[in-house]
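Enquirer: Need a 3D model of the sequence below.
(chains A and B)
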Amino acid sequence: GAGVSQSPSNKVTEKGKDVELRCDPISGHTALYWYRQSLGQGLEFLIYFQGNSAPDKSGLPSDRFSAERTGGSVSTLTIQRTQQEDSAVYLCASSYRDLNTDTQYFGPGTRLTVL
Amino acid sequence: GEDVEQSLFLSVREGDSSVINCTYTDSSSTYLYWYKQEPGAGLQLLTYIFSNMDMKQDQRLTVLLNKKDKHLSLRIADTQTGDSAIYFCAESMGGSYIPTFGRGTSLIVHP
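Expert: Residues are numbered from 1 along each chain as shown, chains lettered A, B, ... in the order given. A predicted model of the protein is given here:
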């Protein structure tokens, strides 16, 4: 079956503009995560959705960042008034939590460059 | 707080074994994972181990867990150039849905 897909694969924007990044998780996966990967850094957790529960937004770095997940499937990460420090690869992952483990399946990421 | 540490780089010769090490601080970690990231791609799960296990072997991969020292290692036997990638260690607790990732170890395999 299809894996996690993300679009666009690359996004170049000007400082101050808003951007929207999209994630299509694997069908049937109840959990969806957004991470940010900056050059030379590990994965920085941003936000987590699990079923119909309220999302865990504890990793969002500022109020310019927001995300939603419609119908328990597709998710959109929005960054308002982008800054140069927002430049990074934004990774989405989904998982189907069972009793044993929580294997995350990652998309290829969206590389965001803010000029 | 939770923290996962890895060395940033490892260079090995093709055919040798590679050992990538990871330490973590949370003693209540239940699941420990190794992910591989090839250039321009997302992370791919390689293997995972439960905290009640000491070792897990899967073809060329061997995972060793020392709970006392909170040390996890990934051994790749007969390393090939296709193994060149960034390897991430991650841990999560049973009650926590959000794994903590290390910064990743860049494995470079040279002829």
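
Enquirer: Spell out which parts of chain B neighbour chain A.
Expert: By Cβ under 8 Å from any Cβ of the partner chain, the residues of chain B that approach chain A are B:4, B:31, B:33, B:35, B:40-45, B:48, B:88, B:92, B:97-104. Glycine gets a C-beta too; all of them are placed from N, C-alpha and C.

Enquirer: what pairs with the residue lying closest to B:C22 once chain neighbours are set aside across the strands?
Expert: Excluding the flanking residues, the one nearest B:C22 by Cβ to Cβ, 6 or more residues apart in numbering or on different chains is B:C89, at 3.4 Å. Listed by DSSP bridges, the beta-bridge partners for B:C89 are B:W34.

Enquirer: what does B:F50 give?
Expert: B:Y31.

Enquirer: That one against B:T30, yeah?
Expert: Yes. Contact status for B:F50 versus B:T30: in contact at 6.9 Å, counting by Cβ atoms under 8 Å.

Enquirer: any idea how far B:Y33 is from B:Q80?
Expert: Applying Cβ to Cβ, to the nearest Å, the value for B:Q80 to B:Y33 is 22 Å.

Enquirer: quick one on the thing from earlier: return the per-residue confidence for the residue nearest to B:C22.
Expert: We have a pLDDT of 94 for B:C89.

Enquirer: Pretty sure it sits against B:Y31.
Expert: No. Assessed by Cβ under 8 Å, B:C89 is found out of contact with B:Y31, at 11.6 Å.

Enquirer: More neighbours: which of those two?
Expert: The neighbour comparison of B:C89 against B:Y31 (other Cβ atoms under 10 Å in any protein chain shown) goes to B:C89, with 27 against 19.

Enquirer: Identify the residues contacting the more buried one.
Expert: B:4, B:6, B:20, B:22, B:24, B:32-34, B:72, B:74, B:101-102, B:105 (Cβ atoms under 8 Å, 6 or more residues apart in numbering or on different chains).

Enquirer: Repeat that for B:E5.
Expert: B:22-24, B:102-103.

Enquirer: Inside strands: which ones of those?
Expert: B:22-24 (DSSP state E).

Enquirer: So which of those residues wins on neighbours?
Expert: B:C22 leads these on contacts (other Cβ under 10 Å) with 24 neighbours.

Enquirer: List the beta-bridge partners for that one.
Expert: Residues in beta-bridge contact with B:C22 (DSSP bridges): B:Q6, B:L72.

Enquirer: just B:L10 next, same as before
Expert: B:L107.

Enquirer: in terms of contact, does it touch B:H110 like I think?
Expert: No. Counting by Cβ under 8 Å, B:L10 does not reach B:H110; the two are 11.4 Å apart.
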